[in-house]
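Student: Need a 3D model of the following:
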Amino acid sequence: MDLSDMRAEYTRGPLRREDLKPDPIEQFTLWFQEACRAGIVEPNAASLATAGADAAPSLRGTMLAWQRWDGQDWEIYWIDLASGTEQRFANNFIDDFDPVIEGDWLAWRQEDPAGEFGEVYVKMYNIATATHLLVTPHSDPAENLRLEGELLAFVSTPNFPDQQVRQIMLYNAATRNLRAVTTDLDHHLEMEMSGDRIAYTLDRATGPDTFAEYYDIETRTSMSLLYFPPARARWPDLSNTWMFWQDWDGHDWEIVGFHFATHTFALLTTPSTTTTPG
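Tutor: As a prediction, this is how the structure comes out:
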């Protein structure tokens, strides 16, 4: 029996590879325009599909979070696009900024302008269990929040009277554990997190160079990456297999890649050509 003879198309038309545009953005634009012309309610609604280490896909409605001025202070809102449920955190007359959302977890910065020193705290909220967590037990300026499931990384500037450093902190919402990923003697510039790694650039206290490094969350080890000496690394990014950053080769900015599995570098741009920083 040929099962393909039993196949039926339940939509307006079939989806065939040969009919797809080579540019995914162009293909998405086409689909979006068709959805708008069809009169579909909220054609901009979305779902997020991911696959775990076992390659099993999971599909869920996308959560969106944002901050809004309510006339007195900044408040955090989130919405489940699958159900259309929108929620605002209680009006607390305290400014809430920079929300990031991943799965059931929401994280943000909270600033109390009425506090003696303008206290800033980092907080998390579990949407499924309605659990609030105070990440930072004391007030330190924090920025660049990054969420990966129940792990939250951010850059903190401890209020030390004799120095201004920027540490990378990592919080595990499951264990309620907050720890410093990097030393308090280095000044960190940019940071990104993906999977079980954190990529960042830093100025070491021992010299003028700006290094690209990554931190393995599982093994709690870090590795410094040097491609062009002297190091002038900025704007890192990473995936599960690669880390990328921009490095100054003495003449212009180049994009450098590092492959985690093979520990090899790749120069992704041609020297002596201009690459825009950032």
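
Student: count of residues packed around the residue nearest to Ile127 when sequence neighbours are not counted?
Tutor: Once flanking residues are discounted, Ile127 sits nearest to Asp104: 4.8 Å by CB to CB, 6 or more residues apart in numbering. Any C-beta I mention is one placed from the backbone N, CA and C, and that applies to glycine too. Around Asp104 there are 16 other residues, counting by other CB atoms under 10 Å.

Student: Do you know the pLDDT at Asp104?
Tutor: Note on Asp104: pLDDT of 84.

Student: Likewise for Thr182?
Tutor: 80.

Student: start to end distance for stretch 131-148?
Tutor: Terminal residues of stretch 131-148 are spaced 17 Å apart (CA to CA, to the nearest Å).

Student: Pull stretch 244-256 out as PDB, backbone CA atoms only.
Tutor: Taking C-alpha atoms only, stretch 244-256 is exported to PDB below (Å, rounded to 0.1, in the frame of the first residue of the first chain):
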ATOM      1  CA  PHE A 244      31.900  35.600  18.100                       C
ATOM      2  CA  TRP A 245      33.300  39.000  18.900                       C
ATOM      3  CA  GLN A 246      34.800  42.000  17.200                       C
ATOM      4  CA  ASP A 247      38.600  42.600  17.600                       C
ATOM      5  CA  TRP A 248      40.800  45.400  16.600                       C
ATOM      6  CA  ASP A 249      43.700  44.200  14.500                       C
ATOM      7  CA  GLY A 250      45.600  47.500  14.600                       C
ATOM      8  CA  HIS A 251      44.000  48.900  11.500                       C
ATOM      9  CA  ASP A 252      40.200  48.100  11.600                       C
ATOM     10  CA  TRP A 253      37.600  46.000  13.400                       C
ATOM     11  CA  GLU A 254      37.400  42.300  12.400                       C
ATOM     12  CA  ILE A 255      34.900  39.600  13.400                       C
ATOM     13  CA  VAL A 256      36.500  36.600  15.000                       C
END
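
Student: got the buried residues for that stretch?
Tutor: Phe244, Trp245, Gln246, Asp247, Trp248, Asp249, Trp253, Glu254, Val256 (16 or more other CB atoms under 10 Å).

Student: Could you do stretch 234-245 as well?
Tutor: Buried residues in stretch 234-245 (16+ other CB under 10 Å): Arg234, Trp235, Pro236, Leu238, Trp242, Met243, Phe244, Trp245.

Student: which residues touch that stretch?
Tutor: The contact list for stretch 234-245 (CB atoms under 8 Å, 6 or more residues apart in numbering) reads 189-192, 194-195, 197, 199-201, 210, 212, 214, 225, 233, 246-247, 255-261, 268, 277-278.

Student: how's this protein carved up into domains?
Tutor: 61-180, 204-278 (automatic domain parsing).

Student: mind putting the ones you listed in TSV, distance to Asp19 included?
Tutor: Listed next are the domains of the chain as TSV, based on distance: least, CB to CB, whole Å:
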stretch	distance to Asp19
domain 61-180	26
domain 204-278	29
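
Student: which stretch among those domains comes nearest Ala38?
Tutor: The closest of the domains of the chain to Ala38 is domain 61-180. By CB to CB, the value is 18.5 Å.

Student: just the strands in the stretch 51-200 of the chain please.
Tutor: 57-61, 63-69, 74-80, 85-88, 95-102, 105-112, 119-126, 131-134, 142-148, 151-156, 167-172, 177-180, 187-194, 197-203 (DSSP state E, counting those that start in this stretch).

Student: how near is Asp247 to Thr210?
Tutor: As judged by CB to CB, to the nearest Å, Asp247 and Thr210 stand 9 Å apart.

Student: now do Thr241
Tutor: 24 Å.

Student: what do you get for Tyr200?
Tutor: For Tyr200, the distance to Thr210 - CB to CB - is 11 Å.

Student: which of these two has more neighbours?
Tutor: Tyr200 (28 against 19).
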